[in-house]
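> Provide a 3D model corresponding to the input given below.
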Amino acid sequence: IASALQFSTPNIADPDAFYHMAHAKIYRAEGVTFNEFPWAQFSVIKDLQADIWYGFHLFLIPFTYIPNGILGIKIAGAFITFLTLTGFYWALNRLETKWPLVWTLIFVVAAPDIMYRLTMTRPHNLTLALVVIIFALIWTRGRGFLFSLLGFLSAWLHIALSWLPIFINLISNLVLKTRREPIPWKNTVYLAAGSIIGVLARPHPWGALKLAYIQVVDIIFIKFQNIPLAFGRELKPPYLDTFLRNTLPLAIIIIVSLIVYRIVRSRLGDPKSKHYQNIFFSSLAISFIFFFITTFVARRSYDIFIGFGLIAAAATLTLWSKQEKPGSNKKILAGLIIIVGLAGLNSIPVFKKYNRDAWTPTYLKTSALWLKENTQPGEIVFHTNWDQFGSLFFWNQQNYYINGMDPIFQYTYSPSLYWKNHFMFSDKAYSRTCGRLKCTAAETENTPQVLAQDFKASYIVLRKAQNPNTFINWVAEKTFPLVFETPGEAIFKITPR
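Residues are numbered from 1 along each chain as shown. A predicted model of the protein is given here:
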């Protein structure tokens, strides 16, 4: 399944995959204690000299030995998908739910965004696997050292999500408290201890914590202030059609689960039934919380919302299967298999569309290699959008760039420079730009001068489809010398002003 998903397209699902693999290659070349990052010149990442994905980049180092870098990204992605699905299956099996393999298949096809996210070469999928395993251990009395190990891995791989295992544990404890059952507080202690060690096990932990705060907390404040940063799609709430396609299948499953629970509730009384009830209530609570986060904050939370919703449904149907006659299990299993098929009919066409619209393996490759051959090491290359950084960095680590991974890092570094860059991205600032969201004509600045003096850039890469007006105007006005061109890209040399 992992290979089928990953190699269903030659395209790359997420531009950050280029960055992650290139950063892993730097650790391989420079050593695992190397913490400088001059490649993002106008990002707080450069100043803090820290890596919030440190463990994940070390995890990727073996894949950097594959001569074909794109193939390395794809194989790493398939391996991550395999680990994610294995973790989900293991958690269901550990919780003693029936048909864990079928539930894992439902998870794969439950939503088009889940299918697409499973193909991304980045740490979020591994974090999902870790939190569902931790959840399973919470309800099956896992050993303390396992909680510490999993807490460590979560923080070490992706420090910005290190809070998630502790949050899952606290929700489970609240369910126990409402049901007047003893709370295993030691789990929280073990998880917290492991997480602290995971945070510290990197070259610059304090800087990494600051970056995590910026990416998790500052970004929330900016969203609620309605500051229109150019976030990626998954950091925005879903549109209605996307929302319905991704939530309706699970909504139907959960409604059926609630009806089933109401039917069997009166027959429950044995300790094993209480175990499944605890799993049902806690996973349902987690699913609802992340449903609201998905709906109103960022669709990035789909996987946790849907994953835990399916665990709740699996617990309920397991309860039902134990109450019904043996022959009924075949009917339940047949119903689940039908759900797999129907969910696939909903998700696969959208998944294919996502793949067609994804980043091609050669995205900005030609321009990056030209710059590598024709510029001096350390010269700054301006690019209009943060998502172009990964590919430029992947193919050419000789030059330095503007910003990558997330626009919040440039905005925190300098709001003024962010807005000047933002208006360039919007294709409206080919002659005048501005360092504020709203400016009068008198407050605007000469764009060529800003590029040369504020960004100290020697070259600028343009994608013609993204900045057609800028390209046409600069060629017509001879604003900068056009030094390289392909059908889709152009490179201008920025002359001193």
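> Packing partners of the helix or strand containing Val108?
Val108 is located in helix 100-109, with elements delineated by DSSP states H and E. The contact analysis (3 or more Cβ pairs under 8 Å, 6 or more residues apart in numbering; DSSP states H and E) places helix 100-109 against helix 69-94, helix 112-117, helix 302-323, helix 326-356. Using the backbone N, CA and C atoms, a C-beta is placed for each residue, glycine as well.
> That helix vs helix 302-323, what angle?
With axes from the mean of the first three to the mean of the last three Cα atoms, to 10 degrees applied, the angle from helix 100-109 to helix 302-323 works out at 150 degrees.
> Of the helices and strands packed on helix 100-109, which is nearest Asn385?
Among the helices and strands packed on helix 100-109, the nearest to Asn385 by Cβ to Cβ is helix 326-356 (19.1 Å).
> That closest one vs helix 302-323, what angle?
Going by the same axes, to 10 degrees, helix 326-356 makes 170 degrees with helix 302-323.
> about what we covered before: please identify the most buried of the helices and strands packed on helix 100-109.
Per-stretch averages of neighbours, counted by mean count of other Cβ atoms under 10 Å, single out helix 302-323 among the helices and strands packed on helix 100-109, with a mean of 25.
> what's it packed up against?
Short answer (3+ Cβ pairs under 8 Å, 6+ apart): helix 302-323 packs on helix 69-94, helix 100-109, helix 112-117, helix 124-138, helix 240-264, helix 271-296, helix 326-356.
> Lys210 is in contact with Ala50, isn't it?
Yes. Using Cβ atoms under 8 Å, Lys210 is in contact with Ala50, at 7.2 Å.
> which residues of the stretch 151-300 of the chain score low on pLDDT?
231-236, 265-272, 298 (pLDDT under 70).
> Kindly reformat the helices and strands packed on helix 302-323 as JSON lines containing distance to Phe167.
Formatted as JSON lines, the helices and strands packed on helix 302-323 follow (distance: least, Cβ to Cβ, whole Å):
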{"stretch": "helix 69-94", "distance to Phe167": "17"}
{"stretch": "helix 100-109", "distance to Phe167": "20"}
{"stretch": "helix 112-117", "distance to Phe167": "20"}
{"stretch": "helix 124-138", "distance to Phe167": "9"}
{"stretch": "helix 240-264", "distance to Phe167": "20"}
{"stretch": "helix 271-296", "distance to Phe167": "8"}
{"stretch": "helix 326-356", "distance to Phe167": "28"}
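> Surely Phe492 is in a strand?
Yes. Counting by DSSP: H, G, I helix; E, B strand; the rest coil, Phe492 is found in a strand.
> so Leu333 touches Trp103, yeah?
No. Counting by Cβ under 8 Å, Leu333 does not reach Trp103; the two are 11.0 Å apart.
> Quick check: Asn382 is in a helix.
Residue 382: Phe, not Asn. No. Read with three-state DSSP, Phe382 is strand and lies in no helix.
> Was I right to think it contacts Lys456?
No. At 9.3 Å, Phe382 does not count as touching Lys456 under the criterion of Cβ under 8 Å.
> Would you mind giving the helices and strands packed on helix 100-109 as CSV with distance to Asp14 added?
Below are the helices and strands packed on helix 100-109 laid out as CSV (distance: least, Cβ to Cβ, whole Å):
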stretch, distance to Asp14
helix 69-94, 9
helix 112-117, 8
helix 302-323, 14
helix 326-356, 11
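> quick one, which of these is nearest to Pro203?
Among those, the nearest to Pro203 by Cβ to Cβ is helix 69-94 (22.4 Å).
> Name all residues that make contact with the residue nearest the centre of the chain.
The chain has His124 as the residue nearest its centroid, 5.1 Å off, counting by Cα atoms, centre = their mean. With contact taken as Cβ atoms under 8 Å, 6 or more residues apart in numbering, His124 is in contact with Arg117, His158, Leu161, Arg300, Asp303.
> possible to save those as TSV with distance to Leu92?
As requested, the contacts of His124 are arranged in TSV below (distance: Cβ to Cβ, whole Å):
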residue	distance to Leu92
Arg117	19
His158	23
Leu161	22
Arg300	23
Asp303	15
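> Closest one of those to Phe288?
Nearest to Phe288 among those, with distances taken as Cβ to Cβ, is Asp303, at 15.1 Å.
> Pretty sure that closest one sits against Leu128.
Yes. Asp303 is within contact range of Leu128, at 5.2 Å (criterion: Cβ under 8 Å).
> where does the stretch 1-150 of the chain have low pLDDT?
Nowhere does the stretch 1-150 of the chain drop to pLDDT under 70.
> Can you pull the phi/psi pair for Thr433?
When read as degrees, to the nearest 10, the backbone of Thr433 gives phi -130, psi -180.
> could you measure Ala285 against Leu174, distance?
8 Å (Cβ to Cβ, to the nearest Å).
> Compare the two (neighbour count), which wins?
Counted by other Cβ atoms under 10 Å, Ala285 and Leu174 do not tie: Ala285 has more neighbours, with 17 against 14.
> OK, contacts around the residue nearest to the more buried one when sequence neighbours are not counted?
Ranked by Cβ to Cβ, 6 or more residues apart in numbering and with sequence neighbours excluded, the top spatial neighbour of Ala285 is Ile171, at 5.5 Å. By Cβ under 8 Å, 6+ apart, Ile171 lies in contact with Ser282, Ala285, Ile286, Ile289.
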